[in-house]
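Undergrad: need a 3D model of the following:
(one chain, ligands or ions: 1)
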Amino acid sequence: MIELLRYRDLTRVIYFRDLLEEAGIRTFIRNENLSNTGVSIPDYFPALCILNESEQQVAMDLIRVDLAANEKPSGPEWICGDCQESSPANFDTCWNCGTIGLSPSRPDAESGSTQPSARL
Ligand SMILES: [Zn+2]
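TA: Sure, this is the predicted structure:
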C-alpha cells in the first residue's frame, strides 16, 4: 500500500479517491474515521493510498493533471474599457457587460517571422 497524498480536509481526499477509482485504480483512505475527531496532527490526517504499487505512476499523473486543470490563473485582472469593471485574467470577455477584453500581449505570438536564422 502506497500513500499518495494527505489532506486535512477529508472531502478533498474523497474527491481524489473517486478520481482514481473511476480510472479503475483500487484505493484506500487511511484515517478516514479519525478526521471527525478534530485531531490537528498531520499524522492523523486522512490519507489516500493505493493498493497496487504498479499503479502509482498512473495515479500520480491523474492527480497532477487534475491539480493543474484546477489551478487558478496567475495573470492580473483586466479592466473593461466599456464599463470599467475588472475581470479575471482567464476571462475573454467582461463578466459584467460582455465586451471582449484586450488580451495581454503574448511574447510567443510575434516571434514567428523575426526569429534570426542561424547559419552554422
Ligand atoms: Zn464591461
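
Undergrad: list the contacts of the spatially closest residue to residue 93 that is not a sequence neighbour.
TA: Computed as Cβ to Cβ, 6 or more residues apart in numbering, the closest residue to residue 93 that is not its neighbour in sequence is residue 100, at 5.3 Å. Quick note: C-beta positions are derived from backbone N, CA and C, even for glycine. Shown in contact with residue 100 (Cβ atoms under 8 Å, 6 or more residues apart in numbering): 92-94.

Undergrad: low pLDDT regions in this protein?
TA: 35-39, 72-74, 102-120 (pLDDT under 70).

Undergrad: tell me the domain ranges of it?
TA: Per the record, the chain has its domains at 2-69, 73-103, by automatic domain parsing.

Undergrad: so which of the ones you listed comes closest to the ion?
TA: With Cβ to the ion as the criterion, the ion lies closest to domain 73-103 of the domains of the chain, at 3.1 Å.

Undergrad: can you list the buried residues in that closest one?
TA: Under the neighbour-count criterion of 16 or more other Cβ atoms under 10 Å, domain 73-103 has 78, 80, 87, 94, 101 buried.

Undergrad: equivalent analysis for stretch 10-30, please.
TA: In stretch 10-30, counting by 16+ other Cβ under 10 Å, buried: 10, 13, 16-17, 19-20, 25, 27, 29-30.

Undergrad: could you dump those residues to JSON lines with secondary structure?
TA: As requested, the buried residues of stretch 10-30 are exported to JSON lines (DSSP: H, G, I helix; E, B strand; the rest coil):
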{"residue": "10", "secondary structure": "helix"}
{"residue": "13", "secondary structure": "helix"}
{"residue": "16", "secondary structure": "helix"}
{"residue": "17", "secondary structure": "helix"}
{"residue": "19", "secondary structure": "helix"}
{"residue": "20", "secondary structure": "helix"}
{"residue": "25", "secondary structure": "coil"}
{"residue": "27", "secondary structure": "strand"}
{"residue": "29", "secondary structure": "strand"}
{"residue": "30", "secondary structure": "strand"}
